[in-house]
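Colleague: I would like to see how this sequence folds:
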Amino acid sequence: MNDLQKCQLEILKEFIKVCKENNLQYFLIGGTCLGAIRHHGFIPWDDDIDVAMPRKDFNRFIMLQKCFKDPYFIQTYKTDKNYIYNYAKIRNSNTTFIENYFVCHQINHGVWIDVFPIDGMSYDLVPQNYCEKKVKSIWHQVYLMYLPSLRRRLRCSTLWKDIPLNFVAYLFFFLNVGKYRNKRIDKKVTKIDYDKAKTVGIYFGTNPKKEAMPKELFLGTSIGNFEGVEVVLPKDPNKYLTLLYGDYMKLQPIDQQVGHHYDKGLSLSTGYKEYMRKHHI
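Modeller: Next up is the predicted model:
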């Protein structure tokens, strides 16, 4: 493990502890689940941790800030007003990881792990790409909230575009449009009752064609090992990973073995507030 992964692992341990204490169900998903099966820990080049919870457990979890010791912070659009997503992050506020897309967003920028809700997608068993259009439409709304990142330094040669881009960026920032968009998205993704659904999934996943899964994968659990930590995986990890990745035991080409988060500032020893003051961000 590298130092960033070690920091993320400590957040995961704290998350698991809180879940056990409060009888909450969770699963390692995506590349984190793949790492647990194929590498018994992080995929060597991975730079995040993804977990998911059935909607009822997720809704209970995001109310449990008091269960997390300092410096851990449950970040949602309700606890951090300029945070744009409808899923949660657990941040270590004593660290810094400023993603390049969010350098202009005034949010908690600590190192994080992602916590996704698993929602009902259909009352019937349907093909995996059944909800593709709905997933894409939700992400299109999310992309709008990157607009504060259009903020630019004014230059004489590019004033013609700097001024309108700054106007749009500051308009979205000060009006806090995201709060209303978040509420609409929550209503949309919870329309199908999870308890009655036969197909469920993560509307905020990155592969719209493959996010819909048979609910049976999340009606039971299997136990895995992630960097020496006992973790919970979907009931049939082989079926889950095959649906998501195909031949998941095959390594990616060398040129694709890279992380997918890029930073404008990173420190594992300095809190994001102090870091931003020092670097005038």
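
Colleague: tell me where the stretch 151-281 of the chain has strands.
Modeller: 199-201, 213-214, 221-226, 229-234, 263-267 (DSSP state E, counting those that start in this stretch).

Colleague: average model confidence for the last one?
Modeller: Confidence over strand 263-267, taken as the mean pLDDT, stands at 91.

Colleague: returning to what we had before: and the strands of the stretch 151-281 of the chain, which is most packed in?
Modeller: strand 199-201 (a mean of 24; mean count of other Cβ atoms under 10 Å). C-beta: built from backbone N, CA, C; applies to glycine.

Colleague: in this structure residue 259 contacts residue 45, no?
Modeller: Yes: counting by Cβ atoms under 8 Å, residue 259 touches residue 45, with 5.8 Å between them.

Colleague: so what's the nearest residue to residue 222 once chain neighbours are set aside up against?
Modeller: Counting by Cβ to Cβ, 6 or more residues apart in numbering, residue 222 lies nearest to residue 233, which is 4.8 Å off, once chain neighbours are set aside. With contact set as Cβ atoms under 8 Å, 6 or more residues apart in numbering, residue 233 has these partners: 27-28, 33, 36-37, 221-224, 240.

Colleague: export the residues you listed to JSON lines and tack on distance to residue 279?
Modeller: Below are those laid out as JSON lines (distance: Cβ to Cβ, whole Å):
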{"residue": "27", "distance to residue 279": "37"}
{"residue": "28", "distance to residue 279": "34"}
{"residue": "33", "distance to residue 279": "35"}
{"residue": "36", "distance to residue 279": "36"}
{"residue": "37", "distance to residue 279": "39"}
{"residue": "221", "distance to residue 279": "43"}
{"residue": "222", "distance to residue 279": "44"}
{"residue": "223", "distance to residue 279": "43"}
{"residue": "224", "distance to residue 279": "39"}
{"residue": "240", "distance to residue 279": "41"}
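
Colleague: need those residues in TSV (columns: distance to residue 4 and pLDDT).
Modeller: Shown next, in TSV, are the contacts of residue 233 (distance: Cβ to Cβ, whole Å; pLDDT from 0 to 100):
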residue	distance to residue 4	pLDDT
27	23	98
28	18	98
33	19	98
36	18	98
37	22	98
221	28	96
222	27	97
223	26	98
224	21	97
240	26	97
